[in-house]
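Visitor: sequence-free structure coming up:
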């Protein structure tokens, strides 16, 4: 539908009313004339009458078509989401069951937890969906200097270059998220960024950080970033948060 047609449909009621008034006025004027002016006014009244009657019918049909298109788009999106969720979350649910049955401190447990980590990273990119997205998992390392080390990533073919070390503004901000079990969401890093962030050093422009923790244990930080400002939204943050909780459940052995 063209922009002009869309505007007409959106304002069809006042247009139809004006057309009806115009038809009445021209009809009244035609009744007081004769000859070619009569036929001209009569033709104008007929045209206005056609608009006043036909435009609401056209608008109703256009609204019905738009509603049908919207339903079809929503149905396709829902079906696609179900396929993606089934593809990435069904294996994770299976792995969580395997992890719960595995022997503690066994080689199988480490392998299963590594697989769960990669599935979560893949799911974070698949479900968030923007082109160029990348998911990273940083494992918390204790000792004299707390730090987060990159142990896995998925998506854009560039490993994360951010360093999180306690005692630095960026590291302290990351550990604050972990210690308080809160999320960090920065839809446009050129406008708002974590303390100590240097935009020129990191190519990403939109960032989500969620802690991977349980009530008693801290495992690390799950991040998703993109190279485009505004590519991530709050619903993406909620999804990454859920994936972080699932990963924490898999690591909590």
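Guide: Received the coordinates, thanks. All values reported here derive from a predicted model rather than from experimental measurement.

Visitor: Verify the contact between residue 151 and residue 141 for me.
Guide: No. Using C-beta atoms under 8 Å, residue 151 makes no contact with residue 141, being 9.8 Å away. (Glycine included, C-beta is placed from N, CA and C.)

Visitor: Kindly indicate whether residue 75 is helix, strand or coil.
Guide: State at residue 75, reduced to three classes by DSSP: H, G, I helix; E, B strand; the rest coil: helix.

Visitor: Number of residues surrounding it?
Guide: A count of nearby residues for residue 75, using other C-beta atoms under 10 Å, gives 10.

Visitor: same check, this time on residue 139
Guide: Around residue 139 there are 16 other residues, counting by other C-beta under 10 Å.

Visitor: Which residues are in contact with it?
Guide: Residues in contact with residue 139 (C-beta atoms under 8 Å, 6 or more residues apart in numbering) are 148, 149, 150, 151, 219, 220.

Visitor: export the residues you listed to JSON lines and tack on neighbour count and secondary structure?
Guide: As requested, the contacts of residue 139 are arranged in JSON lines below (neighbours: other C-beta atoms under 10 Å; DSSP: H, G, I helix; E, B strand; the rest coil):
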{"residue": "148", "neighbour count": "25", "secondary structure": "strand"}
{"residue": "149", "neighbour count": "13", "secondary structure": "strand"}
{"residue": "150", "neighbour count": "18", "secondary structure": "strand"}
{"residue": "151", "neighbour count": "13", "secondary structure": "strand"}
{"residue": "219", "neighbour count": "22", "secondary structure": "strand"}
{"residue": "220", "neighbour count": "26", "secondary structure": "strand"}
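
Visitor: Show me which of the residues you listed is closest to residue 113.
Guide: residue 219 (9.9 Å; C-beta to C-beta).

Visitor: How about that closest one, nearest residue that isn't a chain neighbour?
Guide: Counting by C-beta to C-beta, 6 or more residues apart in numbering, residue 219 lies nearest to residue 212, which is 4.4 Å off, once chain neighbours are set aside.

Visitor: What lies in contact with the helix or strand containing the one you found?
Guide: Assigned by DSSP states H and E, residue 212 belongs to strand 206-213. Applying C-beta under 8 Å, 6+ apart, the contact partners of strand 206-213 are 137, 174, 177-178, 181-189, 193-194, 218-226, 228-232, 236-237, 240-241, 243-244, 247-248, 251.

Visitor: so of these, which ones are in strands?
Guide: Among the contacts of strand 206-213, the residues falling in strands (DSSP state E) are 137, 184-186, 218-226.
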